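Undergrad: here's my sequence, what's the structure:
(2 chains)
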Amino acid sequence: AQSVTQLGSHVSVSEGALVLLRCNYSSSVPPYLFWYVQYPNQGLQLLLKYTSAATLVKGINDFEAEFKKSETSFHLTKPSAHMSDAAEYFCAVTNSGGSNYKLTFGKGTLLTVNP
Amino acid sequence: DVKVTQSSRYLVKRTGEKVFLECVQDMDHENMFWYRQDPGLGLRLIYFSYDVKMKEKGDIPEGYSVSREKKERFSLILESASTNQTSMYLCASSLGETRGQETQYFGPGTRLLVL
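TA: Here you go, the predicted structure:
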């Protein structure tokens, strides 16, 4: 089964600084990859996803991620952090079970934005 | 907009009680999912359903069962609640047509405390 590893359970940045959240996947075939965000006391919502079209994927709120096959990575970036970006971020990969598909999530990275 | 609602935001139950968590989606989605979320462990799939009356075990089905009698409703049942089932439970749904690439839409979660 495919899995993802998120490096760093907690990342802290200053407002206006670059955000970099790391995700590596384990797969021998090109996977479908996702980044979800969870704001406090809410469910998850999709930020962006890679489905084998463009390797640089743009999402909501100026987030983007680049699929790098050579590094088996799908890191999430944002050029300038905003206080409202404080949340927990989850990387996920699709796994198939017969004809059905399910997501396997990483353990999450909590992003703190300091004023 | 897709809306996924969960019957309770907070629930307190006693050990041994039978607990029902309900989830309703309003977008005619084929697939529905139940996850539990624990700090440091991310989201883990309990059960999912790809059609009415159909279900598949996820990664951690022990101690849980599910019911899907109508397309829009997916219930998670704890047959005999135990303290190690204290957790946040998240329901999600997806369209069911673009295999493996689909966005999952999440409810706000139910925080269950078993005493």
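Undergrad: in chain B, what residue lies closest to chain A?
TA: Residue nearest to chain A within chain B: B:F106 (3.3 Å; Cβ to the nearest Cβ). Any C-beta I mention is one placed from the backbone N, CA and C, and that applies to glycine too.
Undergrad: now the residue in chain A that chain B sits nearest to. Nearest residue, chain neighbours left out?
TA: At 3.3 Å from chain B, A:G43 is the closest residue in chain A, using Cβ to the nearest Cβ. Once flanking residues are discounted, A:G43 sits nearest to B:F106: 3.3 Å by Cβ to Cβ, 6 or more residues apart in numbering or on different chains.
Undergrad: how about B:K71?
TA: Closest residue to B:K71 apart from its sequence neighbours, by Cβ to Cβ, 6+ apart: B:V52 at 5.3 Å.
Undergrad: list the contacts of that neighbour.
TA: Contacts were defined as Cβ atoms under 8 Å, 6 or more residues apart in numbering or on different chains; by that measure B:V52 touches B:68-71.
Undergrad: what two of these have the greatest distance between them?
TA: Greatest spatial distance in the contacts of B:V52: B:E69 and B:K71, 9.2 Å, computed using Cβ to Cβ.
Undergrad: report the buried residues of stretch A:24-42.
TA: Neighbour counts over stretch A:24-42 (16 or more other Cβ atoms under 10 Å in any protein chain shown) mark A:24-25, A:27, A:31-38 as buried.
Undergrad: hmm, I was thinking of stretch A:83-96
TA: Neighbour-count burial for stretch A:83-96, counted by 16+ other Cβ under 10 Å, picks out A:85-95.
Undergrad: most widely separated two among those residues?
TA: A:A86 and A:N95 (29.8 Å).
Undergrad: will you turn the buried residues of stretch A:83-96 into CSV that also has secondary structure, distance to chain B and pLDDT?
TA: CSV is the format used below for those (DSSP: H, G, I helix; E, B strand; the rest coil; distance: Cβ to the nearest Cβ, whole Å; pLDDT from 0 to 100):
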residue, secondary structure, distance to chain B, pLDDT
A:D85, helix, 19, 97
A:A86, coil, 17, 97
A:A87, strand, 13, 97
A:E88, strand, 9, 97
A:Y89, strand, 11, 98
A:F90, strand, 6, 97
A:C91, strand, 9, 96
A:A92, strand, 8, 94
A:V93, strand, 10, 91
A:T94, strand, 4, 86
A:N95, strand, 8, 75
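Undergrad: could you dump the helix or strand of chain A with the lowest mean pLDDT to PDB, C-alpha only?
TA: Scoring the helices and strands of chain A by mean pLDDT, DSSP states H and E places strand A:100-105 at the bottom, with a mean of 84. Backbone C-alpha positions of strand A:100-105 (Å, rounded to 0.1, in the frame of the first residue of the first chain) are rendered in PDB as follows:
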ATOM      1  CA  ASN A 100     -12.500   1.100  -5.000                       C
ATOM      2  CA  TYR A 101     -10.200   3.900  -3.900                       C
ATOM      3  CA  LYS A 102      -9.400   5.400  -0.600                       C
ATOM      4  CA  LEU A 103      -7.100   8.000   0.800                       C
ATOM      5  CA  THR A 104      -4.200   7.300   3.100                       C
ATOM      6  CA  PHE A 105      -3.200  10.400   5.100                       C
END
